[in-house]
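Novice: predicted model and sequence follow; I will ask about them next.
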Amino acid sequence: MTTLTERKAQARKAAFARRKEAHAKASGQGTANLSEVLRLHRGKTIGGYMPIRTEIDPLPAMAEASKFGPVAVPVIEAEAQPLKFSRWTPGCALRDGPFGAQVPEHDDFVEPEVLIVPLVAYNHDGGRLGYGGGFYDRTIERLLSRGPLVTIGFAYAAQFAADLPLEPTDQPLDMIVTEQDIWRR
């Protein structure tokens, strides 16, 4: 019998392969559904992310949302700590952050009310398999303790996995947005 850690590693490996293939086929497409969802939250502070490797790119939707309210991206301050979010605008000066993600050159921290979450795999119950560091789980838990929060997983449809190995600390997402669909929990 395999442990949960081993099952998560196997699920990540398979999901990374599906995501890589989907990313190669996407050619930068896929943000129309995310833009549609973000239009419902105009004026709220949006937490997005700077895509790395083969993650689906939310930047076009974030740029559109920035015309109507603050948009921020995650900053990792320390291992095993929640993320902080620094205000981002299209074309702002950036610096290298941990794990290859760019962050704004000058920190201007804000609290997101809507959070776009990158992921490795998802299910239709809002389950999310991330990279394994727990950053988003801790962040979602902290933000929810402070007030309402809408969490949006953004992924390629190919990243779907019906049987995700999840544990009690894994925070469910309110919806999953792909280049094909919008799934609400």
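Specialist: All right, it came through fine. Numbering: from 1, shown residues only.

Novice: OK, contacts around K44?
Specialist: With contact set as C-beta atoms under 8 Å, 6 or more residues apart in numbering, K44 has these partners: 69, 113-114. Just so you know, the C-beta spots here come from the backbone N, C-alpha and C atoms, and that holds for glycine as well.

Novice: need these in CSV (columns: distance to E179, pLDDT and secondary structure).
Specialist: Formatted as CSV, the contacts of K44 follow (distance: C-beta to C-beta, whole Å; pLDDT from 0 to 100; DSSP: H, G, I helix; E, B strand; the rest coil):
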residue, distance to E179, pLDDT, secondary structure
G69, 24, 97, coil
E113, 25, 98, coil
V114, 19, 98, strand
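
Novice: top of those by neighbour count?
Specialist: V114 (22 neighbours; other C-beta atoms under 10 Å).

Novice: what about that residue, distance to D125?
Specialist: Between V114 and D125 the computed distance is 20 Å (C-beta to C-beta, to the nearest Å).

Novice: buried residues in stretch 7-21?
Specialist: With burial defined by 16 or more other C-beta atoms under 10 Å, the residues of stretch 7-21 counted as buried are 8, 11-12, 15-16, 18-19.

Novice: and for stretch 168-184?
Specialist: Using 16+ other C-beta under 10 Å as the test for burial, stretch 168-184 gives 170-171, 173-174, 176-179, 183.

Novice: neighbours around T45, how many?
Specialist: Considering only other C-beta under 10 Å, T45 is surrounded by 18 other residues.

Novice: what's the nearest residue to R95 once chain neighbours are set aside sitting at in phi/psi?
Specialist: Using C-beta to C-beta, 6 or more residues apart in numbering and skipping the chain neighbours, the partner closest in space to R95 is E105 (4.9 Å). Dihedral pair for E105: phi -60, psi -40, per degrees, to the nearest 10.

Novice: what's the helix or strand for T2?
Specialist: Counting by DSSP states H and E, there is no helix or strand that carries T2.

Novice: what pLDDT does the model give it?
Specialist: Looking at T2, its pLDDT stands at 76.

Novice: helix/strand/coil for the closest residue to H23 other than its chain neighbours?
Specialist: Counting by C-beta to C-beta, 6+ apart, T54 is the residue found nearest to H23 once chain neighbours are left out, at 3.8 Å. Of the three states, T54 takes coil under DSSP: H, G, I helix; E, B strand; the rest coil.
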